[in-house]
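1. Provided below for reference: sequence and predicted model.
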Amino acid sequence: MARQEKYLPPGSKLVIKQPNQPAAWYTTKKEIILEIAPVEAPCPITNDPVMTATAHGLPIWFQARMVRSRIVLAEGDVDAAVFNEQFSLYHYDCPVINNYKNPSDRLYPIAVRLTESAWMMRTSDIPYELMAEMQDNGCAVEVNKFDKSESRRLIHQAVAKLQEELAAAVARAEVSRVRAERALEAEPTEGEDATTPEEAEKACLKQAAAIEKRLTLLAGQITKAAARFGIREQAVNIGRLGTAAATISANMKERAAAYVSAQKVLRESNTATGLALANAARDGTEDKVPAYVLADALREVGDEEGADRLQEAFKEDDGVFSLAGAGVDELDR
């Protein structure tokens, strides 16, 4: 499986601590591959905050800006024949005034996005019909062909970009998930009627379905693009995007159902504590009435099953999905 490798380029100035010797400054003549992920630590000479890691078994300290990353392919990650392909850069500028829709959906199956409006593709896949259509709509479109000697480097870049795309998609899905779940407990804005628990649950389930649809669609698009570049699924672990879609959606549905059910049970309990918590859960935020507080209240009114269901749904780390296993740094939580 393709992995990310972090290294320091030649000419990097760093501090090295050798056995039985004081720490000293060095300037590298060759690149240094970092054996572990760098972490922040004080420099042993200046005491300034820098990064530290190990290289060749020795501790080293360096500025964060010096670190570089690259993709390292494993055997079988890519069809070797693709290294003999010629690739091109398809880039464009769509004037806002014409309201021409960005052709992302039409490029995904054949290209890898480098920037918002720059895509890398096989020269044999250049979409001349799309190019003409865009130009007719006032878009500036350019195609620059790379030399075949660049193919190997471009394939590495394509793998890195696909992994970034996967990680970014999951990060966006996580933001949408959190926003939808918070809406379960959100206080209505001034002038709006408070939504019922059933309405809040319906809205959350709708958002869960939308998230799953977006991730599943992107997984299919990236699968097609990777195939055009001879990149096999194992290189970027595209299948995990589908797993993320199902996991996030399932957890959202479970949380919505459990939280709303708890509100209904507590309201129907007709106990002072139950009613107060149900109202607070409806009008406040999860921070104000955490799921475990509602679970305790459910146990007090005899709903052990509902309490267990609520705690299980809101247990730590539910719904968080990382692509670290695909060679992408773990997402910030």
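-> The structure has been received and is ready for your questions.

2. what's the burial count for T27?
-> The tally of other residues near T27 (other Cβ atoms under 10 Å) stands at 9. Every residue, glycine included, has its C-beta placed from N, CA and C.

3. Now the closest residue to it other than its chain neighbours. Its backbone dihedrals?
-> Leaving out its chain neighbours, the residue that sits closest to T27 by Cβ to Cβ, 6 or more residues apart in numbering is K13, at 5.2 Å. The phi/psi pair for K13 (degrees, to the nearest 10) reads phi -100, psi 120.

4. For E35, see how far away K13 is.
-> 20 Å (Cβ to Cβ, to the nearest Å).

5. Poorly predicted segments of the protein, please.
-> Under the criterion pLDDT under 70, the flagged ranges of the chain are 1, 183-197, 279-289, 316-333.

6. all helices for it, in order.
-> Under the criterion DSSP state H, helices of the chain are mapped to 104-107, 128-136, 151-183, 197-228, 233-236, 239-269, 272-283, 291-300, 304-313.

7. Now render the ones you listed as CSV, adding distance to V96 and mean neighbour count.
-> Compiled in CSV, those are given as follows (distance: least, Cβ to Cβ, whole Å; neighbours: other Cβ atoms under 10 Å):
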stretch, distance to V96, mean neighbour count
helix 104-107, 16, 14
helix 128-136, 14, 13
helix 151-183, 23, 19
helix 197-228, 24, 18
helix 233-236, 33, 22
helix 239-269, 31, 20
helix 272-283, 41, 18
helix 291-300, 44, 20
helix 304-313, 44, 18
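
8. Out of those, the one nearest I97 is which?
-> Closest to I97 of those is helix 128-136 (Cβ to Cβ; 14.5 Å).

9. which other helices and strands contact the closest one?
-> Judged by 3 or more Cβ pairs under 8 Å, 6 or more residues apart in numbering; DSSP states H and E, the packing partners of helix 128-136 are strand 140-145.

10. what comes up buried for the strand it packs on?
-> V141 (16 or more other Cβ atoms under 10 Å).

11. Now tell me what touches that strand from outside.
-> With contact meaning Cβ atoms under 8 Å, 6 or more residues apart in numbering, strand 140-145 is reached by 86-93, 123, 126, 131, 134-135.
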